[in-house]
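>>> could you work out the structure for the sequence below:
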Amino acid sequence: MGWSLLGGAVPLYPLYALFFTATGLTGGQISVLFAVWSVTSIVAEVPTGAFADRFSRRAALAASGVLQAVGFAAWLVTPGFWGFLAGFVLWGVGGALASGALEALLYDGLAAVGAQDDYVRLSGRVDAAGLVAQVPAAGAAVLLYDLGGYQLAGWVSVGVCLAAGLLALRLPEAPRTADEDDDDGYFATLRQGVREAAVNSVVRTAVVALAALAGLDAIEEYFPVIAADWRVPTGLNPLAGLVVTGGGVAGAWLASRAAGAGRWGQCLMLAGAALAAGVAALLDVPAGIVLLAVFYGLYRLVLVLVDARLQRVIETGARATVTSVASLATEVSALVLFAAWAAGGLPLVAALTALLALVPLAARGAAAEPAAPQHATSRPNR
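Residues are numbered from 1 along each chain as shown. Take a look at the predicted model:
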């Protein structure tokens, strides 16, 4: 789930790869930058989750926006390999700070007032809003580039990230309890979260289920390629992408209405997503974009429900840390998606989706768990 409505509205996102090549970077150098970005995110993932749990989820979100802003500024002030490298390190740490913090902040805030059942509805809408934000971001990228090139698009992006950080400071955060104030500190929180994710069988199952499904979202990177392979004209390719994104928006937005579907219902929805993707691959025509949108919508709907299941079964105060463990595992499952695409394209991805349709059934223990106990809902307000 995106940590901020502004998070997807950064106009530099559609342009930064072009910015790198325009600066003179080679394909190999760009690959190194992406690798450093990924490794930084992986290394920082769980430690930053523990920071959010021990100190403040709200502060973690604010710091995320500031670090990303500073990272973009580094690109603009010192365009070149080392400036881009520094920016990616900052972005990687900033992204890790946000990962898990918003989910924990939202769930615990709702639980503090006895409204944790609203988590599916609200998280689905935040997820949908994050996808919708990509549309104006793409339009702004075109307009800003025409007006002032990469520099203007970049500095506006810096401003957007800073604004997101400032808005994060206005989010409500449940107060810290006396028991949590008396804990042993940051490393105790880190150990507690990792231990719960690894030892508690119900939580571990929910973590693995979320990670397995979330890795499938990497298919989004291939939507333009799929459209081109289906002979969608280049000028219409962005519109085809918007159709697929629209399916994801609809699925996330409607997740709360499917919350009562149960494990078998989620299994059937994922099977339907696999069928839609498989049929679209067999048709191999531009109209298959509609079926691809159905696939993405059903997938994002189930993803919101599986995330909610994880939040529901976490029992300790290390909610962001546990969620960060799931995010870390997602990086591994995304590699499976990349391998499936490389080996067999969309048909093999559809087969992988069909296999993942069994995940909700495997998570039956987590599905039966009650809401998280009240002692796990309070967070620092600093």
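>>> hey, where'd the helices end up in the stretch 1-150 of the chain?
With DSSP state H, counting those that start in this stretch as the definition, the stretch 1-150 of the chain shows helices at residue ranges 16-23, 27-54, 57-77, 81-98, 101-112, 119-132, 134-168.
>>> return the most buried member of these.
Between the helices of the stretch 1-150 of the chain, helix 101-112 has the highest mean count of neighbours, a mean of 25, where neighbours are mean count of other CB atoms under 10 Å. For every residue, glycine as well, the C-beta is placed using N, CA and C.
>>> the closest residue to Ala63 other than its chain neighbours and Ala59, how far apart?
Closest residue to Ala63 apart from its sequence neighbours, by CB to CB, 6 or more residues apart in numbering: Leu97 at 5.3 Å. Distance of Leu97 to Ala59, given as CB to CB, to the nearest Å: 9 Å.
>>> mind listing the shared neighbours of those two?
Each of Ala52 lies in contact with both Leu97 and Ala59 under the rule CB atoms under 8 Å, 6 or more residues apart in numbering.
>>> that older thread, I'd say the residue nearest to Ala63 and Ala62 touch.
No: counting by CB atoms under 8 Å, Ala62 is not a contact partner of Leu97; they are 9.0 Å apart.
>>> pLDDT below threshold where in the chain?
Flagging of the chain using pLDDT under 70 yields the residue ranges 1-8, 176-184, 363-382.
>>> buried residues, the longest helix seen in the chain. List them.
Looking across the chain with DSSP state H, the single longest helix is helix 319-356. Residues of helix 319-356 classed as buried by neighbour count (16 or more other CB atoms under 10 Å): 319-331, 333-334, 336-337, 340-341, 346, 348-350, 352-354, 356.
>>> output the contacting helices and strands for it.
Using 3 or more CB pairs under 8 Å, 6 or more residues apart in numbering; DSSP states H and E as the contact test, the elements touching helix 319-356 are helix 27-54, helix 101-112, helix 186-199, helix 201-214, helix 262-283, helix 288-313.
>>> so which of the ones you listed gets nearest Val10?
helix 27-54 (14.9 Å; CB to CB).
>>> the closest one versus helix 319-356: what angle between them?
Between the axes of helix 27-54 and helix 319-356, defined by axes from the mean of the first three to the mean of the last three CA atoms, to 10 degrees, the angle is 130 degrees.
>>> for Ala63, give me its contacts.
With contacts taken as CB under 8 Å, 6+ apart, Ala63 has the following neighbours: Gly94, Leu97, Gly165.
>>> any idea how far Gly251 is from the first one?
Between Gly94 and Gly251 the distance, using CB to CB, works out to 27 Å.
>>> likewise for the second one?
Applying CB to CB, one obtains 27 Å for the distance of Leu97 from Gly251.
>>> how about Gly193?
When CB to CB is applied, the distance between Gly193 and Gly251 equals 29 Å.
>>> over to Ala198?
In this view, Ala198 and Gly251 are 31 Å apart by CB to CB.
>>> neighbour count winner among the two?
Between Ala198 and Gly251, counted using other CB atoms under 10 Å, the more crowded position is Gly251 (28 against 13).
>>> which element is the more buried one on?
For Gly251, the element it lies in under DSSP states H and E is helix 237-253.
>>> which strands and helices lie in contact with that helix?
helix 119-132, helix 134-168, helix 223-229, helix 288-313.
>>> from the contacts of Ala63, which is closest to Ala271?
Proximity to Ala271 was ranked across those by CB to CB; first place goes to Leu97, at 36.1 Å.
>>> and that closest one, what does it touch?
By CB under 8 Å, 6+ apart, Leu97 lies in contact with Ala44, Thr48, Phe51, Ala52, Ala60, Leu61, Ala63, Ser64, Leu67.
>>> taking these, tell me the two that lie furthest apart.
Largest separation among the contacts of Leu97 by CB to CB: Ala44 and Leu61, giving 14.8 Å.
>>> would you mark the buried spots in stretch 287-297?
Within stretch 287-297, the residues that qualify as buried by neighbour count (16+ other CB under 10 Å) are Gly288, Ile289, Leu291, Leu292, Ala293, Val294, Phe295, Tyr296, Gly297.
>>> turn those into TSV, columns for distance to Asp307.
Listed next are the buried residues of stretch 287-297 as TSV, based on distance: CB to CB, whole Å:
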residue	distance to Asp307
Gly288	28
Ile289	26
Leu291	25
Leu292	22
Ala293	21
Val294	21
Phe295	19
Tyr296	16
Gly297	16
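>>> what's near enough to touch the residue lying closest to Thr245 once chain neighbours are set aside?
Spatially, and ignoring its direct neighbours in sequence, Thr245 is nearest to Leu131 (5.4 Å; CB to CB, 6+ apart). Shown in contact with Leu131 (CB under 8 Å, 6+ apart): Gly8, Thr245, Gly248, Val249, Ala252, Arg300.
>>> ok, now Ala273?
Val294, Phe295, Tyr296, Leu298, Tyr299, Val302, Thr353, Ala357.
>>> gap between the fifth one and Leu348?
Plainly put, Tyr299 is 16 Å away from Leu348 if you go by CB to CB.
>>> just the third one next, same as before
Distance of Tyr296 to Leu348, given as CB to CB: 17 Å.
>>> between the contacts of Leu131, which sits nearest Gly114?
With CB to CB as the yardstick, the closest approach to Gly114 among these comes from Ala252, at 24.5 Å.
>>> residues in contact with that closest one?
Here Ala252 is in contact with Gly124, Arg125, Asp127, Ala128, Leu131, Arg300, Leu301, Leu303, Val304 (CB under 8 Å, 6+ apart).
>>> tabulate the residues you listed in TSV, adding columns for distance to Asp118.
What follows is the contacts of Ala252, written out as TSV (distance: CB to CB, whole Å):
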residue	distance to Asp118
Gly124	10
Arg125	10
Asp127	14
Ala128	15
Leu131	20
Arg300	19
Leu301	17
Leu303	18
Val304	13
